[in-house]
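sequence unknown, structure follows:
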Ligand SMILES: *Cc1c(COP(=O)(O)O)cnc(C)c1O
């Protein structure tokens, strides 16, 4: 029998040359983005005042199965990809499980996450279009860091709105972004009318991702024709760029004669899981294989497990087109003691549709259990995981322990989307026992649902 190595690195020439667009194989397509006023589907042209042109084309392209990765993006990918597929031998041993556990590790670049895979593509297309500025938001800070890196590389100016609560927890994220030349503001800020309005109403607010998105869109639109807004998750084109993760994982598993029974990933906006699972979803949609998929989310921000499948705005200021997705409503703000990222109120329309159609499952986990899994993983596998990624670790461990009970030798693949070096405030509140689990009540959620737009 073949001995499976701890780490499988594909050679550089095995880097995927094209992204995979899972929508091309979905018989039932995700619902289109619609205009909040007319309720008509948005065309690529109508999206171009806000987003980078090529991204608008990719966003609305439901038919092209493979899209070539441009040469300069490939060259940049080569600096940190292919990323390793790891066999978690040490974790298996610690759990005494018959399951085989694999993880695809995306934390091996300075942004500390998979976000760079889309950041470099978006910055490249922006440059090609002749844009000089981009504006974006960042929650936990990985996306802001990734886009700062990509904009430095492509010589584009960048403004980042970082959720204030997160900036207070991770001040050095700002310094990293500034090192790459980005201008970083705590959101809500005084630089936009959305921010000023929120500050007047709630002077002590620690902000939200939805508000930071509104500020970044306003900043991009007011800057003029050579500036656009860039988003690091949720949208179809971002999931497309992240397919590089899944394509590599599938090729690497093939070289080991392996195939997952179960694919697990954390889901904030859905991009790392969407990317990891897309080539395996293809097998399932085409009837070739029948793996199971689990999207894992925080119990304090449970869009896929307790949200409504409805048209909603992507931001608090209600400026985006409407997206059909599982949502807690755009005004929903997770409880302040929630530490682990994944705080977006909605979810990728692709993931939402797959969930709605029963192709994937979802599970919500409370944060103390997540950090317990993170600490165990760090001790035995040596990588200090991001709190976000640790949601996937939690469920991978739970599934492996279930295999121990039943004696099944399942092959589990999970996405280790990033590292947690900037998350020491969260880790220390876990370690000193001050971390609590907050789960919203049904009344909390009903109050939020009442504000959903009528579409
Ligand atoms: C941003 C981020 C996530 C959540 O975003 P998705 O779009 O759901 O992937 C998860 N893990 C890490 C490390 C991140 O930076």
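Structure received. These numbers come from a predicted model, not from an experiment.

so what pLDDT did residue 1 get?
Residue 1 carries a pLDDT value of 63.

which bits of the protein sit near the ligand?
113, 115, 140, 142-143, 233, 266-272, 341-342, 386, 388-389, 417-418 (CB under 6 Å from any ligand atom). All C-beta spots, glycine's among them, are computed from the backbone N, C-alpha and C.

now, which of those residues lie within strands?
residue 266 (DSSP state E).

would you map the helices across the stretch 51-200 of the chain?
Here the stretch 51-200 of the chain has its helices, by DSSP state H, counting those that start in this stretch, at 53-60, 71-77, 89-95, 116-128, 142-154, 164-169, 171-179, 193-201.

all helices of the stretch 201-350 of the chain, in order?
209-223, 236-255, 271-285, 303-306, 349-356.

nearest to residue 434, of these?
Among the helices of the stretch 201-350 of the chain, helix 209-223 comes nearest to residue 434, with 23.8 Å by CB to CB.

what's the closest one packed up against?
If you count contacts as 3 or more CB pairs under 8 Å, 6 or more residues apart in numbering; DSSP states H and E, helix 209-223 packs onto strand 133-138, strand 157-163, strand 183-187, helix 193-201, strand 227-229.

report the inter-axis angle for it versus helix 193-201.
130 degrees (axes from the mean of the first three to the mean of the last three CA atoms, to 10 degrees).

which parts of helix 209-223 are buried?
209-220, 223 (16 or more other CB atoms under 10 Å).

let's have those in JSON lines, adding distance to residue 158.
What follows is the buried residues of helix 209-223, written out as JSON lines (distance: CB to CB, whole Å):
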{"residue": "209", "distance to residue 158": "18"}
{"residue": "210", "distance to residue 158": "21"}
{"residue": "211", "distance to residue 158": "19"}
{"residue": "212", "distance to residue 158": "14"}
{"residue": "213", "distance to residue 158": "15"}
{"residue": "214", "distance to residue 158": "18"}
{"residue": "215", "distance to residue 158": "14"}
{"residue": "216", "distance to residue 158": "10"}
{"residue": "217", "distance to residue 158": "15"}
{"residue": "218", "distance to residue 158": "16"}
{"residue": "219", "distance to residue 158": "11"}
{"residue": "220", "distance to residue 158": "11"}
{"residue": "223", "distance to residue 158": "12"}
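
one step back: please pick the buried ones from the residues of the chain next to the ligand.
113, 115, 140, 142-143, 233, 266-272, 341-342, 386, 388-389, 417-418.

quick check: buried residues in the helix or strand of the chain with the lowest mean pLDDT?
The weakest-scoring helix or strand in the chain, judged by mean pLDDT, DSSP states H and E, is helix 164-169 (a mean of 90). Neighbour counts over helix 164-169 (16+ other CB under 10 Å) mark 164, 165, 166, 167, 169 as buried.

quick one: the fourth one and residue 185 touch, right?
Think residue 167. No. The pair residue 167 / residue 185 is not scored as a contact, 9.0 Å apart, by CB atoms under 8 Å.

give me the neighbour count for residue 252.
Using other CB atoms under 10 Å, the number of residues around residue 252 comes to 22.

what residues are up against it?
Residue 252 sits next to 8, 10, 82, 85 when contact means CB atoms under 8 Å, 6 or more residues apart in numbering.

now it: closest residue in space, sequence neighbours ignored.
Setting aside the residues directly before and after it, residue 252 is nearest to residue 85 in space (CB to CB, 6 or more residues apart in numbering), at 4.0 Å.

same check on residue 377?
Nearest to residue 377 is residue 393, by CB to CB, 6+ apart, at 5.0 Å.

helix or strand: which one has that neighbour?
Using DSSP states H and E, residue 393 sits in helix 387-406.

who are the packing partners of that helix?
Secondary elements touching helix 387-406 (3+ CB pairs under 8 Å, 6+ apart): helix 89-95, strand 100-105, strand 262-266, strand 292-298, strand 361-365, helix 367-381, strand 411-416.

mean confidence for that helix?
On average, helix 387-406 scores 98.

returning to that earlier point: what lies in contact with the least confident helix or strand of the chain?
The contact list for helix 164-169, computed with CB under 8 Å, 6+ apart, reads 138-141, 173-174, 184, 186-188, 205-207, 336, 339, 423, 425-426.

circling back to that earlier point, what would the buried residues of helix 209-223 look like in CSV with pLDDT?
As requested, these are exported to CSV (pLDDT from 0 to 100):
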residue, pLDDT
209, 87
210, 86
211, 90
212, 94
213, 93
214, 94
215, 96
216, 97
217, 96
218, 96
219, 96
220, 96
223, 93
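
nearest to the ligand, of the residues you listed?
residue 209 (10.2 Å; CB to the nearest ligand atom).

you'd agree that closest one is up against residue 136?
No. Assessed by CB under 8 Å, residue 209 is found out of contact with residue 136, at 11.4 Å.

distance from stretch 163-179 to the middle of the chain?
Between the centre of stretch 163-179 and the centre of its chain there are 19 Å (CA atoms, centre = their mean, to the nearest Å).

okay, how far is it across that stretch, tip to tip?
This stretch, stretch 163-179, spans 19 Å end to end (CA to CA, to the nearest Å).

for the ligand, what's its nearest residue on the stretch 301-450 of the chain.
residue 418 (2.7 Å).

skipping adjacent residues, who's closest to that residue in space?
residue 113 (3.3 Å).

list the contacts for the one you found?
So residue 113 contacts 106, 107, 142, 143, 146, 272, 386, 388, 417, 418, 419 (CB under 8 Å, 6+ apart).

now with 7 Å?
106, 107, 142, 146, 386, 417, 418 (CB atoms under 7 Å, 6 or more residues apart in numbering).

in those, find the pair that's most separated.
In the contacts of residue 113, two members sit farther apart than any others by CB to CB. They are 146 and 386, at 13.0 Å.

closest one to residue 25 among the helices of the stretch 201-350 of the chain?
Once the helices of the stretch 201-350 of the chain are compared by CB to CB, helix 271-285 is nearest, at 4.8 Å.
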